[in-house]
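Enquirer: Sequence and computational prediction follow.
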Amino acid sequence: MPRRPTLKLPPLDYGNATVGQRLARIRKERGYTQVELAKKIGIIQTLVSDYEIDRLRLSAEMAVRFALALDISTDELLHPKAKKKSAKKPSLKVMRRMEEIESLPPRQQSVVLSALDSILRGAAR
């Protein structure tokens, strides 16, 4: 019969968010849906959901897969106080909008950019 472990480790301080909550936040910041992230990793969407709601624990391999897919370090994913390695990248959602704007004729691009400039000036006040 196997022995029960007697090692008592102190609890880890994960801050206010669980690993799953951090995973969901980072995924949203990067502009991915659960379906898109699942395809990028090679799993199904329900598994991404299960990881995000902490129904499943991240194995070391899955942590690496998520980190690679989200272009972050495993430290950023697993440790709430980890230092980020680079400046924040634009979200996928913003990048898609930029591509749509670039595909417009020059006159329409000018109109869209003027509207954005007005909104940004108003937000800065």
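Expert: Sure, I can see it.

Enquirer: for the protein, which spans come out with low pLDDT?
Expert: In the predicted model of the chain, residues 1-2, 5, 12-14, 81-89 satisfy pLDDT under 70.

Enquirer: how about a cut-off of 80?
Expert: Scanning the chain for pLDDT under 80 picks out 1-7, 9-16, 80-92, 124-125.

Enquirer: can you give me the helices for it?
Expert: Here the chain has its helices, by DSSP state H, at 19-29, 34-41, 45-52, 60-70, 74-78, 92-102, 106-124.

Enquirer: Let me have those in JSON lines, adding distance to Leu7 and mean neighbour count as columns.
Expert: Heads up, the C-betas are built off the backbone N, CA and C, glycines and all. Formatted as JSON lines, these follow (distance: least, CB to CB, whole Å; neighbours: other CB atoms under 10 Å):
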{"stretch": "helix 19-29", "distance to Leu7": "22", "mean neighbour count": "18"}
{"stretch": "helix 34-41", "distance to Leu7": "33", "mean neighbour count": "16"}
{"stretch": "helix 45-52", "distance to Leu7": "27", "mean neighbour count": "18"}
{"stretch": "helix 60-70", "distance to Leu7": "20", "mean neighbour count": "16"}
{"stretch": "helix 74-78", "distance to Leu7": "21", "mean neighbour count": "17"}
{"stretch": "helix 92-102", "distance to Leu7": "43", "mean neighbour count": "12"}
{"stretch": "helix 106-124", "distance to Leu7": "53", "mean neighbour count": "10"}
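
Enquirer: nearest to Thr6, of these?
Expert: Judged by CB to CB, the one of these that comes nearest to Thr6 is helix 60-70, at 24.4 Å.

Enquirer: So what touches that closest one?
Expert: 23, 26-27, 30, 32, 37, 40-42, 51, 58, 73-74, 76-78 (CB atoms under 8 Å, 6 or more residues apart in numbering).
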